[in-house]
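Participant: can't give you the sequence, but here's the structure:
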């Protein structure tokens, strides 16, 4: 007879929900948000925990913000790094369903019911869509370009608002995802392309009541670099030579054609080449093309050795 543990929640089709709230200097907002979380998450009728993860707060929130009940847990991280705060929250959480929510009160806690209704319908990942945003134009325009033009047009995702911090998903969605830096923004895209059942819900968006946004102009610019990174990792992480080869073959081909033309001129028409800049340009194109392709070969070898090491 074995002493096998039985998951009681699984027997009754219930869940443990872990709410992860990263924040920086949001003491005033937290005093309003936490009682609302206790109310609306509690109404779901499931076991839950709320993990408050400070990423560099200096406003004395630990002493000034009362916890509604024992389900609320506090963690601090010195550096202002939202990605690391989320990773720490995930590591400390124990729920099979995770909910990300910012602490700035721009999202409505009552919308948690919308997310959970989709999870109960069988979806693995539910993303928020701020369909009617209250931000100023300098935030809305870059977000429109990122979501509409690049993400939906180029990458082909169905999500309208991939950068929304309000989302709920099953823990299994993270099994093939490596969170680092700011790539948490592209979790919906990666989960969708990994084959999980995903959807989105329209959420209420409100103006910030306290403090000021920590998301500045520089952060908005870096989003486009992050989009390129997410695209590369998803499309070419397992086949880097396809990426580098496609790029490297362009200068290599042009360089080869130019050099072939110059060779014909020299051999059959006695044209002197030593004082022609195009000769050096052709050689440069060939060298650059070969270097890019070689980078792809090396990357492909690294992937092969990594996969081989996993099997042994």
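Facilitator: Noted; the coordinates are in hand. Model, not experiment: these values are computed from the prediction.
Participant: please make it C-alpha for all contacts and neighbour counts, starting now.
Facilitator: Fine.
Participant: number of nearby residues for residue 112?
Facilitator: Residues near residue 112, counting by other C-alpha atoms under 10 Å, number 22.
Participant: I'd say residue 283 and residue 259 touch.
Facilitator: Yes: counting by C-alpha atoms under 8 Å, residue 283 does reach residue 259; the two are 7.3 Å apart.
Participant: give me the more crowded residue out of those two.
Facilitator: Counted by other C-alpha under 10 Å, residue 283 and residue 259 do not tie: residue 259 has more neighbours, with 20 against 17.
Participant: wasn't the more buried one part of a helix?
Facilitator: Yes: checked against DSSP: H, G, I helix; E, B strand; the rest coil, residue 259 lies within a helix.
Participant: start the count at 620, not 1, going forward
Facilitator: Yep, numbering from 620; the last one is residue 878 now.
Participant: roughly how far apart are it and residue 866?
Facilitator: Residue 878 is 19 Å from residue 866, where distance means C-alpha to C-alpha, to the nearest Å.
Participant: and what of residue 823?
Facilitator: 43 Å.
Participant: of these two, who's got more company?
Facilitator: When neighbours are counted by other C-alpha under 10 Å, residue 823 comes out ahead of the other of residue 823 and residue 866, with 18 against 15.
Participant: so how far is residue 733 from that one?
Facilitator: 11 Å.
Participant: likewise residue 750?
Facilitator: Where residue 733 is concerned, residue 750 sits at a distance of 15 Å (C-alpha to C-alpha).
Participant: more neighbours: those two, which one.
Facilitator: Counted by other C-alpha under 10 Å, residue 750 and residue 733 do not tie: residue 733 has more neighbours, with 16 against 13.
Participant: wait, is the more buried one part of a helix?
Facilitator: Yes: checked against three-state DSSP, residue 733 lies within a helix.
Participant: separation between it and residue 875?
Facilitator: 59 Å.
Participant: equivalent analysis for residue 729, please.
Facilitator: 63 Å.
Participant: do residue 826 as well
Facilitator: For residue 826, the distance to residue 875 - C-alpha to C-alpha - is 58 Å.
Participant: equivalent analysis for residue 798, please.
Facilitator: Per C-alpha to C-alpha, residue 798 is found 42 Å from residue 875.
Participant: which residues in the stretch 720-869 of the chain form helices?
Facilitator: 731-739, 756-763, 806-812, 836-855, 859-888 (DSSP state H, counting those that start in this stretch).
Participant: list the helices and strands the longest helix seen in the chain packs on?
Facilitator: In the chain, assigned by DSSP state H, the helix with the most residues is helix 896-930. Under the contact criterion of 3 or more C-alpha pairs under 8 Å, 6 or more residues apart in numbering; DSSP states H and E, helix 896-930 touches helix 859-888.
Participant: pull out the buried positions in the helix it packs on.
Facilitator: Within helix 859-888, the residues that qualify as buried are 859-864, 867-868, 870-871, 873-875, 877-878, 881-882, counting by 16 or more other C-alpha atoms under 10 Å.
Participant: now do that helix against helix 896-930, angle only.
Facilitator: Helix 859-888 runs at 150 degrees relative to helix 896-930, counting by axes from the mean of the first three to the mean of the last three C-alpha atoms, to 10 degrees.
Participant: now for helix 859-888, which elements pack on it?
Facilitator: helix 896-930.
Participant: and the helix it packs on, how far out from the chain's middle?
Facilitator: Chain-centre distance of helix 896-930: 28 Å, with C-alpha atoms, centre = their mean, to the nearest Å.
Participant: so which residues of the stretch 670-819 of the chain form strands?
Facilitator: Counting by DSSP state E, counting those that start in this stretch, residue ranges of the strands within the stretch 670-819 of the chain are 691-696, 716-719, 744-748, 786-789, 817-821.
Participant: what does the third one rub up against?
Facilitator: Spelled out, that is strand 744-748. Applying C-alpha atoms under 8 Å, 6 or more residues apart in numbering, the contact partners of strand 744-748 are 734, 737-738, 778-781, 783-789, 792, 807, 810, 815-822.
Participant: how does it look with 6 Å?
Facilitator: 780, 783, 785-788, 817-822 (C-alpha atoms under 6 Å, 6 or more residues apart in numbering).
Participant: for these, which one is nearest residue 652?
Facilitator: When those are ranked by distance to residue 652 (C-alpha to C-alpha), residue 785 comes first, at 13.7 Å.
Participant: if we ignore the residues flanking it in sequence, what's nearest that closest one?
Facilitator: Nearest residue to residue 785, sequence neighbours excluded (C-alpha to C-alpha, 6 or more residues apart in numbering): residue 720, at 4.7 Å.
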